[in-house]
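Participant: below is the structure, and that's it, no one-letter string:
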């Protein structure tokens, strides 16, 4: 166990966690909503510091991050637990796990060893993913500080439900923020993530980009009957273009039936294409489709001359027509990090 960085000590040995926006109030001997933090004698402890459930080297495209060093290798790892309870979670074995029962089946990897492994595997950086990395704050922060000292980049694949004060600690040491924007109304967010307070997520997205200079890409998993309402998609795309900039990549991924939503169908390709057109109509220049191998909307096209710049299939790059960060044909600068 590792003492938490952010919590308030209240009366009667009760504590309030300040890692995520749920801000759970936790009595002695209890855990919060995520089950990864326990109140022991009036202090809050992380139960998952350094506990790794899954680790592999993977391409940056699988995050997905398409405008951040395409083709680079990243040491990707996750732990257990989540501060959401998405009914169709694709990693539910990890995010919905019984933490105390599953911890013995994880491996402990100290921050220094994690960084050494990333370097030995010739990785561009370290990506915390698979479950919600916010819950791993103390560990990811310690590892990120060492990683940056050794010349590695760092990335969170996250739902964005971190508190501002936790982001203040993490922000100086994190380079890329790939965030799920699951919906754009309190009602839809409640159905998908068991929280209606999504406006705080929008504030964090802006903080990541504008205060800490992180590269930000957004993902919406288009779930039939849940978050595929055209009006809501228009509002979401409009917000991205207005608040984050028209060059911000937006990934619309195909829902695959999982867990409590196993009875639903895959997202129709036509519905994905319709949502992509909504993003384009609202002014976004880079709207991608995911989980549809071979679809042209996996690729990056120059917004000025229309030429194919990066051709992708199954997270592999088949064609690359960029010189630095510019189109090799017309010289248009493409927003992101490509060198």
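Facilitator: Ah, there it is. In this text the structure is predicted, and so the values were computed from the model without any measurement. Residues are numbered from 1 along each chain as shown.
Participant: C-alpha only now, for contacts and for neighbours.
Facilitator: Will do.
Participant: can you give me the strands for the stretch 201-339 of the chain?
Facilitator: Here the stretch 201-339 of the chain has its strands, by DSSP state E, counting those that start in this stretch, at 215-222, 250-254, 287-290, 300-301, 308-313, 316-320, 322-323, 326-327.
Participant: can you give me how far stretch 208-217 is from the chain middle?
Facilitator: Distance of stretch 208-217 from its chain centroid, counting by CA atoms, centre = their mean, to the nearest Å, is 13 Å.
Participant: avg pLDDT for it?
Facilitator: Mean pLDDT, stretch 208-217: 98.
Participant: ok, and for that stretch, which residues are buried?
Facilitator: 208, 209, 212, 213, 214, 215, 216, 217 (16 or more other CA atoms under 10 Å).
Participant: now the strands of the stretch 201-339 of the chain as a markdown table including distance to residue 54?
Facilitator: What follows is the strands of the stretch 201-339 of the chain, written out as a markdown table (distance: least, CA to CA, whole Å):
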| stretch | distance to residue 54 |
| --- | --- |
| strand 215-222 | 22 |
| strand 250-254 | 23 |
| strand 287-290 | 22 |
| strand 300-301 | 30 |
| strand 308-313 | 24 |
| strand 316-320 | 22 |
| strand 322-323 | 34 |
| strand 326-327 | 36 |
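Participant: out of these, nearest to residue 276?
Facilitator: Evaluated with CA to CA, those place strand 287-290 nearest to residue 276, the distance being 6.0 Å.
Participant: helices and strands around the closest one, which ones?
Facilitator: Applying 3 or more CA pairs under 8 Å, 6 or more residues apart in numbering; DSSP states H and E, we find strand 287-290 packed against strand 250-254, helix 269-281.
Participant: to residue 337, which of those lies closest?
Facilitator: Here strand 250-254 is closest among those (CA to CA), at 15.9 Å.
Participant: sheet partners, orientation included, of the closest one?
Facilitator: Next to strand 250-254 in the sheet, as set by DSSP bridges, lie strand 215-222 (parallel), strand 287-290 (parallel).
Participant: who does residue 316 bridge with?
Facilitator: Under the criterion used (DSSP bridges), residue 316 bridges to residue 313.
Participant: am I right that it is in contact with residue 71?
Facilitator: Yes: between residue 316 and residue 71 there is a contact under CA atoms under 8 Å: 7.4 Å.
Participant: so for those two, which residues contact both of them?
Facilitator: residue 61 (CA atoms under 8 Å, 6 or more residues apart in numbering).
Participant: of the two, which one has the most company?
Facilitator: Using other CA atoms under 10 Å, the more surrounded residue of residue 316 and residue 71 is residue 71, with 18 against 14.
Participant: next up, the contacts around that one.
Facilitator: Neighbours of residue 71 in contact, by CA under 8 Å, 6+ apart: 59, 60, 61, 316, 317.
Participant: return the distance of residue 248 relative to residue 214.
Facilitator: 12 Å (CA to CA, to the nearest Å).
Participant: all helices of the stretch 51-200 of the chain, in order?
Facilitator: 92-95, 99-102, 111-120, 137-149, 164-170, 186-193, 199-206 (DSSP state H, counting those that start in this stretch).
Participant: could I get those as a markdown table with distance to residue 65 and mean neighbour count?
Facilitator: Shown next, in a markdown table, are those (distance: least, CA to CA, whole Å; neighbours: other CA atoms under 10 Å):
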| stretch | distance to residue 65 | mean neighbour count |
| --- | --- | --- |
| helix 92-95 | 21 | 19 |
| helix 99-102 | 29 | 13 |
| helix 111-120 | 19 | 17 |
| helix 137-149 | 19 | 20 |
| helix 164-170 | 20 | 17 |
| helix 186-193 | 22 | 18 |
| helix 199-206 | 15 | 18 |
